[in-house]
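Peer 1: 3D model of this:
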Amino acid sequence: MEKRKFGKTDMEVSVLGFGGAEIGYNPNQTQADVNDLLNSALDAGLNVIDTAAAYKTSEELIGEAVGKRRKDFYLLTKCGALDAFTRFDWSKKGILETIEQSLRNLKTDYLDITQLHSCDTEILQQGDCIEGLQRAREKGYTRYIGYSGDREEAKYAIEMDVFDSFQTSVNVVDQTPIDGNIKLASEKGLGVIAKRPIANAAWRDSVKPENSYLHEYWERLQKLKFDFLDKSLEESISKALRFTMSIPGVDTMIVGTTKPGRWSENAKFVAEGKLSSEEFEAIRQRWHKVADESWVGMT
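Peer 2: Numbering: from 1, shown residues only. The predicted structure follows:
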């Protein structure tokens, strides 16, 4: 698995990481499957696991599955948003308490990166949440601090020059950050994490899906009509994933799954390497031709 230098940190991250949202939100998720999923992925070269306090049971499942292999991977979580985004606590005390609980859930005594989970500009300006993160770093709870989010809030966070990492949505149907926040973050030396790198494979549905979470991406795809979407699902996912890994500044991409073996399948696509410059530019040009100003980054 290809590894990339992560911003100004001392980390070298696998270009394909694991995102823990899906396992946390899956009511039928078993611990046995998470054990199999994560341990097989670590054996295959995974070294980035990203989760969040807001992702229901995700932290506990991950801690139980790979807590004993802590030295084999970089562990990232997020704070501020809680209880499946039904509750928020951006206070200094709340940030510290959330991180302390995350450490217990994940069965570790330190995190590699702790990220603010998509707070707005006003909260960033108020500053308590950043003080909480900085205090957590001083106490050894986390090695680095980051911001996860999109749009103008993310731009403001990057320009504060207090974070070590930046996580944002970017993919074939969400390209606005490429010349904006990702470029800015990379220029400032932040490690960049791409979430939703395959756009939730929203093209799998021939008709508009029932899940409203997929609607925005699905509707964009109806207009973009990329040529590669006419190929097999495997080929289209490969092209979409390799597009994201080809974006200048992206260090690692986190893909979520509930199925053992799926991470390794995606790793085979990544092993094919970046898209050619011609393939990459064709997707970019199609975006520039079709996208309108309302197609901003998805949160």
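
Peer 1: my guess is residue 241 contacts residue 247, does it?
Peer 2: No. Assessed by C-beta atoms under 8 Å, residue 241 is found out of contact with residue 247, at 11.4 Å. Where C-beta positions appear, they are placed from N, C-alpha and C, glycine not excepted.

Peer 1: before we move on, what SS does residue 29 have?
Peer 2: coil (DSSP: H, G, I helix; E, B strand; the rest coil).

Peer 1: circling back to that earlier point, compare residue 241 and residue 247 and say which is more crowded by neighbours.
Peer 2: Under the criterion of other C-beta atoms under 10 Å, the comparison of residue 241 against residue 247 puts residue 241 first, with 27 against 23.

Peer 1: Give me the contacts around the strand or helix carrying that one.
Peer 2: Assigned by DSSP states H and E, residue 241 belongs to helix 233-245. Helix 233-245 is contacted from outside by 15-16, 170-172, 194, 197-199, 201, 203-204, 228-229, 231, 250, 253, 255, 266, 269-270, 272-275, 279-280, 283, using C-beta atoms under 8 Å, 6 or more residues apart in numbering.

Peer 1: Now find how far off-centre it is within its chain.
Peer 2: Mean-position distance between helix 233-245 and its chain equals 16 Å (C-alpha atoms, centre = their mean, to the nearest Å).

Peer 1: In a strand, residue 193, correct?
Peer 2: Yes. Applying three-state DSSP, one finds residue 193 inside a strand.

Peer 1: can you give me the strands for the protein?
Peer 2: Assigned by DSSP state E, the chain shows strands spanning 3-5, 12-14, 16-19, 48-50, 74-79, 81-82, 87-88, 111-117, 142-148, 165-169, 191-195, 252-255.

Peer 1: among those, which is nearest residue 181?
Peer 2: Comparison of those against residue 181 by C-beta to C-beta identifies strand 165-169 as nearest, at 5.9 Å.

Peer 1: Return a PyMOL selection command for the buried portion of the contacts of helix 233-245.
Peer 2: With 16 or more other C-beta atoms under 10 Å as the criterion, this PyMOL line picks the buried residues out of those:
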select buried, resi 15+16+170+171+172+194+197+198+199+201+203+228+229+250+253+255+266+269+270+274+275+280+283
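
Peer 1: among the contacts of helix 233-245, which are in helices?
Peer 2: Mapping these onto helices (DSSP state H) picks out 266, 269-270, 279-280, 283.

Peer 1: of those residues, closest to residue 117?
Peer 2: Closest approach between the ones in helices among the contacts of helix 233-245 and residue 117, by C-beta to C-beta: residue 266, at 24.2 Å.

Peer 1: which residue packs closest to the closest one, ignoring adjacent ones?
Peer 2: Leaving aside its sequence neighbours, residue 266 sits nearest to residue 255 (C-beta to C-beta, 6 or more residues apart in numbering; 5.6 Å).

Peer 1: what's the spacing between the one you found and residue 226?
Peer 2: 19 Å (C-beta to C-beta, to the nearest Å).
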